[in-house]
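Novice: The following block contains a protein sequence and its predicted model.
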Amino acid sequence: MDAILLQILNGLDKGGAYALIALGLTLIFGTLGVVNFAHGALFMLGAFCAVTVNKLITLSAKVRDESVTFFEAYKDVPYLEMWLGDTGTLIIDWSIPISLVVAIPVMLGVGLVMERGLIRHFYKRPHADQILVTFGLAIVLQEIVKAFYGANPIPQSAPDIFTGTVNLGALIGMDLSYPTWRLVYFIFSMGIIGAVFSFLQFTTFGMVVRAGMADRETVQLLGINITKRFSIVFGLAAVVAGLAGLMYTPILPPDYHMGMDFLVLSFVVVVVGGMGSLPGAVAAGFLLGILQSLASMTEVKSIFPGIDQIIIYLIAMVVLLVRPRGLMGRKGVMED
C-alpha cells in the first residue's frame, strides 16, 4: 500500500507539469483557435531562463586558495560571494526562485512577439498549416538554445532548505518519504492553476475572455477589442509554460529537447481532457501523470514490460473510443 501511495505522489509533480502545459495549450486553442506546437519550446525556454540566471550570478574569478600551502593553487569564487559574502552565497543558493522574477517579463515578451510576429497570420488557416508552422518554430528555438548552451543537460539545484525528503505519512503512521522539491513543485503548480482560473473567473478581463471563447462574434459586436485581449492571453499562456519549465529544472536537468518531450504528452493530455476544456486539461494532466507513475512500478513492468512508455497513449485510445470529444470536451470543437 505504501508503494502505491508513493507512486501516486511521484505522479503529482509530472502531472503538474502536464497540467500547466496543457492549460496553456487549451487557453491558446480556446481563444485563438490555434494548435500551437511551439508551446513545448516555451516550457524549454523557461527552464533556460533559470540556467541563464544561474550562470550570470555565479560568474567567478580565480583567487588564491589559502588552504593549500605546499604549492600555489587557485579556486573559482563567484563575484557575488566576494562582494556580498554570505548574502551572495544565499542569492546563489536561491537562484531558481529568483529566476521567477526574470522569467515572467521575458516569457511574456516572447509570447507576445511570437503571437504578433507569426501566429497571428495563421488564425484562420487550416489546423495543418498551424501545426506545420508552429512545429517549425519550435525546431528553430531548439536549435538556437542548442547553439548557445550545447546539447548536454545542465543540472540545476534547488535551494538547500528544499533538498532532501519529507515524510508525508508520519501523521498516519506510514513511511511516505517524498522529495521536498517535488512537493514544492506540486504546490506551485496548484497555485498557478488556481491563479489562472481565478483570473478568468473573477476579473472583468477574464470574463470578457471567457465570453470571447464561447462566442467571439457577439463580443466583437459589443465593441470590445477581443483580439487584443486574446493576444495578452497568449502571452499569459507563455508565462505559465515558462514558469512550469523553470521550476522543473531541479527535477529534470534542462536540455534543448525537453520541450518537445513534454509537448507530445501534453497534447495527448489536452485531447483526453477535451479540446477547449480548461478543467479537462488540468484533470487529465494529473490523472495521466499518476497513471504513468503507477505503470513504472517494478511489479507492473515485470508483467507488462514497457507499459510505462505507452500507458498514456493506451488511456487516450480508450477515452477517445468511449468519449470522442474527451472527458470534458465541448460539442463542435475541431469537428468542422
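Specialist: Okay, I see it. Numbers count the residues shown, from 1 in each chain.

Novice: Relative to residue 59, how far out is the nearest residue to residue 311 once chain neighbours are set aside?
Specialist: Nearest in space to residue 311, with sequence neighbours left out and distances taken as C-beta to C-beta, 6 or more residues apart in numbering, is residue 295 at 4.1 Å. C-beta coordinates here come from the backbone N, C-alpha and C atoms, glycine included. Using C-beta to C-beta, to the nearest Å, residue 295 is found at 43 Å from residue 59.

Novice: Settle it for me: which of the two has more neighbours?
Specialist: residue 295 (21 against 10; other C-beta atoms under 10 Å).

Novice: Tell me which residues are up against the helix or strand hosting residue 311.
Specialist: According to DSSP states H and E, residue 311 maps onto helix 307-322. Under the contact criterion C-beta atoms under 8 Å, 6 or more residues apart in numbering, helix 307-322 has outside partners 265, 268-269, 271-272, 288, 291-292, 295-296, 300-301, 326-327.

Novice: Show me which pair in those is furthest apart.
Specialist: 301 and 326 (27.8 Å; C-beta to C-beta).

Novice: And the helices in the stretch 1-150 of the chain, which stretches?
Specialist: Listed in chain order, the helices of the stretch 1-150 of the chain (DSSP state H, counting those that start in this stretch) span 2-32, 39-57, 79-84, 86-93, 95-117, 127-149.

Novice: so what does the second one touch, helix or strand wise?
Specialist: Counting contacts by 3 or more C-beta pairs under 8 Å, 6 or more residues apart in numbering; DSSP states H and E, helix 39-57 is packed against helix 2-32, helix 86-93, helix 95-117, helix 127-149, helix 226-247, helix 258-273.

Novice: Okay, residue 262 and residue 25: tell me how far apart.
Specialist: Counting by C-beta to C-beta, the gap from residue 262 to residue 25 is 11 Å.

Novice: actually residue 267, not the one I wrote
Specialist: Per C-beta to C-beta, residue 267 is found 7 Å from residue 25.

Novice: which of the two has more neighbours?
Specialist: Set residue 267 next to residue 25 and count neighbours by other C-beta under 10 Å: residue 25 wins out with 26 against 20.

Novice: Isn't the more buried one up against residue 39?
Specialist: Yes. Judged on C-beta atoms under 8 Å, residue 25 makes contact with residue 39 at a distance of 5.3 Å.
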